[in-house]
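Engineer: A predicted structure for the sequence below; I have some questions about it.
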Amino acid sequence: MSNNHGKEQVLEIDFSLQHELDDIIKNLVNLTSSLAFYKLDSTNDHALMLEKHGQKSGLVVLAALQTLGRGRLKRQWHMAEGDIALSILLRTPYIPKNLTLLPMVVALALLDALASMGLKVSCKWPNDIIVQANDEMPTSYFGHWRKLSGILVENVFPDAQNIASVIGLGLNLTPKAHLKDIVPHMANLCDYLPNVTRADCLKHFLTNLDREISSFNQPSHDQKILKRYKEHCATLGRQVITLLNEPIVGQACGIHDDGSLIIDDGYKQHRIFAGDVRLA
Ligand code: BT5
């Protein structure tokens, strides 16, 4: 099979990982099929390719090793064997009406999963899961926080009525000393919850997400998600600087219904739709 980079990619099922995943999926109602590979370029690319071929909603794609993981804005996502790289394909009607809420739903499912295993984490707008650093050295744009997980939601519109979303999630579990200089703001779960396994994380996260998907059509769902996300968002209430385009400096004071971050610079409020902010 050829990938987006023009090279041949040999796909092999990782039967032990597949078994691990099937054991979880059999108890879920919205996430109903799974594929676990030894190695993929990008689980999001693979899920998007399957979407084009008519794959049904509810597929979970997992790779024991991902070699060309993507973040937003063409940035790279690094991983090592033992970490989690997964993508989930959802289609209408298993998508919230307000699409901008989907990354927040995913963040909350992971946040609850980690909390139930004993680790309190926070969200950093727009798509990071962060943990308070043990040391006090500020690193890059994460200040005194470290990034444990990143979320990449990519939407496609197969026709006028339907939407398909691929949710990508990268979660660091294992030590990665070789990446210390490249990603100084990285956190790895083994430093916080040494006894937690990949299977534990998958089980808690996928079970929570499955439950969240079932609640998409409940009354006031969107407002509840937004409220919960704001409660756990470490960006809010802090002095921030935007990192895309002309810098805006001010206090992050809210998140709009459309997912944009509201920054008050003392004179007026700005709405930020994309990019990142530096945390003080
Ligand atoms: C993200 O992008 O954080 C979304 C990452 C999504 C990765 C998953 S893995 C499964 C699925 N398949 C894919 O191909 N992608 C998804 P962004 O906000 O753009 O952050 C990227 C930035 O995070 C990089 O520029 C680095 O600074 C940093 N980074 C890269 N790898 C990291 C890691 N393992 N841990 C923490 N930070 C990392």
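Structural biologist: It's in. Numbers count the residues shown, from 1 in each chain.
Engineer: in the stretch 1-150 of the chain, what residue is nearest the ligand?
Structural biologist: Closest approach between the stretch 1-150 of the chain and the ligand, counting by Cβ to the nearest ligand atom: G150, at 2.0 Å. Quick note: C-beta positions are derived from backbone N, CA and C, even for glycine.
Engineer: Pull the contacting residues for that residue.
Structural biologist: Applying Cβ atoms under 8 Å, 6 or more residues apart in numbering to G150 gives the contacts G71, W77, N127, D128, I129, L169, G170.
Engineer: of the residues you listed, closest to N30?
Structural biologist: Using Cβ to Cβ, L169 is the member of the contacts of G150 that lies nearest N30, at 15.7 Å.
Engineer: tell me which element whichever residue of the stretch 151-280 of the chain sits closest to the ligand falls in.
Structural biologist: Taking Cβ to the nearest ligand atom, the ligand has its nearest neighbour within the stretch 151-280 of the chain at G168, 2.7 Å off. Using DSSP states H and E, the element containing G168 is strand 164-171.
Engineer: what about that strand, average pLDDT?
Structural biologist: What strand 164-171 shows for mean pLDDT is 98.
Engineer: partner strands of it, parallel or antiparallel?
Structural biologist: Applying DSSP bridges to the sheet, strand 164-171 is found paired with strand 84-91 (antiparallel), strand 145-156 (antiparallel).
Engineer: could I get these as a markdown table with mean pLDDT?
Structural biologist: Listed next are these as a markdown table, based on pLDDT from 0 to 100:
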| stretch | mean pLDDT |
| --- | --- |
| strand 84-91 | 98 |
| strand 145-156 | 97 |
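Engineer: and among the ones you listed, the most buried is which?
Structural biologist: Of these, the one with the most neighbours on average (mean count of other Cβ atoms under 10 Å) is strand 84-91, at a mean of 24.
Engineer: quick one: Q218 from K224, how far?
Structural biologist: Look at Q218 and K224: by Cβ to Cβ, to the nearest Å, they are 8 Å apart.
Engineer: between these two, who's got more neighbours?
Structural biologist: Looking at Q218 and K224 with other Cβ atoms under 10 Å, you find the greater number of neighbours at K224, namely 13 against 9.
Engineer: name the element the more buried one belongs to?
Structural biologist: Using DSSP H and E, K224 falls within helix 221-232.
Engineer: what do you get for Q18?
Structural biologist: Per DSSP H and E: helix 15-25 holds Q18.
Engineer: Look at I225 and report its pLDDT.
Structural biologist: In this model, I225 carries a pLDDT of 96.
Engineer: Go ahead and report the secondary structure state at the closest residue to it other than its chain neighbours.
Structural biologist: Spatial nearest neighbour of I225, excluding adjacent residues (Cβ to Cβ, 6 or more residues apart in numbering): L101 at 5.1 Å. At L101 the chain is in helix, as set by DSSP: H, G, I helix; E, B strand; the rest coil.
Engineer: same deal with the one 4 residues further on?
Structural biologist: Judged by three-state DSSP, the three-state class of V105 is helix.
Engineer: Please tell me how far it sits from S34.
Structural biologist: Separation of V105 from S34 (Cβ to Cβ): 20 Å.
Engineer: My guess is P247 contacts I241. True?
Structural biologist: Yes - using Cβ atoms under 8 Å, P247 is in contact with I241, at 5.3 Å.
Engineer: Does the ligand have contacts with the helix or strand where A109 lies?
Structural biologist: For A109, the host element (DSSP H and E) is helix 102-117. No - against the ligand, helix 102-117 shows no contacts by Cβ under 6 Å from any ligand atom, the least distance being 9.4 Å.
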